[in-house]
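Engineer: Take a look and give me a structure for this.
(2 chains)
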Amino acid sequence: MRKPARILLFSALVAIAGAFSGCTTAQAVRAKPWERGLLSDPTMDPNRDALATAMLEHVYFSREAAQGGRGIGGPGCGCN
Amino acid sequence: MNRPGLFSLAAGLSLASPALAGAAVGIGDVFPPLVSAGLAGGTLPDTAGKVVLVDFWASWCAPCKASFPAYGRLNAEFAPRGLVIVAVSVDEDASAYESFVRKFSPPFLVALDKGQNLVRAVQVPTMPTSYLIDRKGRVRYAHPGFRGAATEQALRREIEALLSDKTP
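Structural biologist: Take a look at the predicted model:
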C-alpha cells in the first residue's frame, strides 16, 4: 500500500474508533457513583480550613474591592 | 498486520471499551449471582427462592449511614418471614469498611465488593442504591438513593408484597 493511502486508512480507523467510543459522551469522563470515595474525602474540600478561607477572602476583597461570588460546588460523594 | 493497522486496532479497542461496558441492571432483570461475585466479609446465606434486599453502600456516603438503622428495622420485622438483607460495600479501602461495620454492627449481612466487580456489573445509578429481588432472582424494585422514612415505607410495602407473593 502506498504511504498516503496508509495514512488515510490509519486516520479513518482512528476516527471510526473515536466515533463509536465513550469519548463521544460525557459519561467517559465522569467518576461512577461507586468511584467517589476519594472525592468525598474531607481533604478534597477547598474550604476545609475556615481561617485560611477567611484570610484569602480578605486578600481578595482588598485587592479586587469585591467579595463573594465563589459559590462553586464543593466535593462530596454526589449521593442522592 | 502492519504496524499502523495494529496501532489503530489497539486505539479503537481502548477507546471503545466504555461503550462496551455492560448495561445497568434494571427492573425485571436477573440480578447477578451473589455467590460468584467474590464478596468478602461474611458467609452468604442461601438466597435461592427467597426475597432478597441488596443494598450498595460505602463508608464515605452519608445517606448510606442514614439507611442502616432503617434496614435494621426491616430486618427485625421481615427476616423471620424469610427476607434476606445483604449490604454490599463498594469501599476501595478495606479498613474504612471494617471500621464502619465495627461502629454500626448491623444486624444483617454485610459484605465487601473488593474489586468492585459486582457494582460494576450492576451499574448502580447513585449511592446508595437498593434492589429488591423476588424469589425467582429478578429485580422487582430499585431504590436509587435513600430518602429516609419515605424509602423505608416504600420498602416495607414492597417487601410485604413480595413475601406474600406465592406464585411459583
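Engineer: Pull the distance from the helix ranked longest in chain A to the chain's centre.
Structural biologist: Looking across chain A with DSSP state H, the single longest helix is helix A:3-19. When distances are taken as Cα atoms, centre = their mean, to the nearest Å, helix A:3-19 is centred 29 Å away from the chain's centroid.
Engineer: again with stretch B:50-64
Structural biologist: 6 Å.
Engineer: Quote the end-to-end distance of that stretch.
Structural biologist: 24 Å (Cα to Cα, to the nearest Å).
Engineer: ok, which stretches of chain A are helices?
Structural biologist: A:3-19, A:50-64.
Engineer: Quick check: which of those helices is buried the most?
Structural biologist: Most buried of the helices of chain A, by mean neighbour count (mean count of other Cβ atoms under 10 Å in any protein chain shown): helix A:3-19, with a mean of 13. Bear in mind the C-beta positions are built from the backbone N, C-alpha and C, glycine included.
Engineer: Which parts of chain A belong to which domain?
Structural biologist: According to automatic domain parsing, chain A comprises the domains A:1-30, A:33-67.
Engineer: Comparing these, which yields the minimum mean pLDDT?
Structural biologist: Lowest mean pLDDT within these: domain A:1-30, at a mean of 72.
Engineer: Could you check how far stretch B:80-93 is from the centre of its chain?
Structural biologist: Stretch B:80-93 sits 7 Å away from the centroid of its parent chain (Cα atoms, centre = their mean).
Engineer: Nearest spatial neighbour of residue A:48, chain-adjacent residues omitted?
Structural biologist: Once flanking residues are discounted, residue A:48 sits nearest to residue A:42: 5.8 Å by Cβ to Cβ, 6 or more residues apart in numbering or on different chains.
Engineer: Residue B:59 versus the one you found, what's the distance?
Structural biologist: 13 Å (Cβ to Cβ, to the nearest Å).
Engineer: Mind checking which of the two has more residues around it?
Structural biologist: Between residue A:42 and residue B:59, counted using other Cβ atoms under 10 Å in any protein chain shown, the more crowded position is residue B:59 (21 against 8).
Engineer: Assign the more buried one to helix, strand or coil.
Structural biologist: Put simply, residue B:59 is coil when judged by DSSP: H, G, I helix; E, B strand; the rest coil.
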